[in-house]
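Asker: next comes the sequence, and after it the predicted model I'd like to discuss.
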Amino acid sequence: MDWILLLLVALSTATLGWAGIEMRRQQHRLGLLYRALVIVEDRERKQQFEFIEADNRRKLLQASVENGTSAVEIVHRVVTTTTFGAIDRLSRNERLRENNMRARELHDDATRNMYRSIRIANRQIHALANAIIGLNRKRRSGGGKDG
């Protein structure tokens, strides 16, 4: 009976030893898996930050063009208002004043259309940039399969 008890203790010890070794092996695998997960999460975070940065650059660029266009337009209007106003005040001839007024109307229409065109082009470029960024995101995230 003692030998059976001794055999059971030996078997229990061997099983416990094997379970300990297996537990260490699984812990090692779990550690490797965790490190791989951290790397993947870091890549995803980095990619998310790159997307946010691209969005911010695009928005900044659009705002810069819009604000720059408005600033140039204001300066342009000040210069032309001053110029046409000076011509109007200094002209003694009614015909010259009428020509000045027509020239001013033509000029104002042309410049209004030009600045409107710049703003429209800026919005279209913004929409195109959005589309390109969207395609790049799909490709980078594996959403778009190429040929």
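Answerer: Sure thing, it's come through.
Asker: let me see the backbone angles for the most centrally placed residue in the chain.
Answerer: In the chain, the C-alpha closest to the average C-alpha coordinate belongs to residue 55, at a distance of 1.5 Å (Cα atoms, centre = their mean). Summarising the backbone geometry of residue 55 under the convention degrees, to the nearest 10, its torsions are phi -60, psi -50.
Asker: I'd like to know how far residue 84 sits from residue 123.
Answerer: As for residue 84, its distance to residue 123 is 30 Å (criterion: Cβ to Cβ, to the nearest Å). Where C-beta positions appear, they are placed from N, C-alpha and C, glycine not excepted.
Asker: higher neighbour count, these two?
Answerer: More neighbours surround residue 84 than the other of residue 84 and residue 123, with 17 against 13 (other Cβ atoms under 10 Å).
Asker: got the contact list for the more buried one?
Answerer: For residue 84, the contact set (Cβ atoms under 8 Å, 6 or more residues apart in numbering) comprises 100, 103-104, 107.
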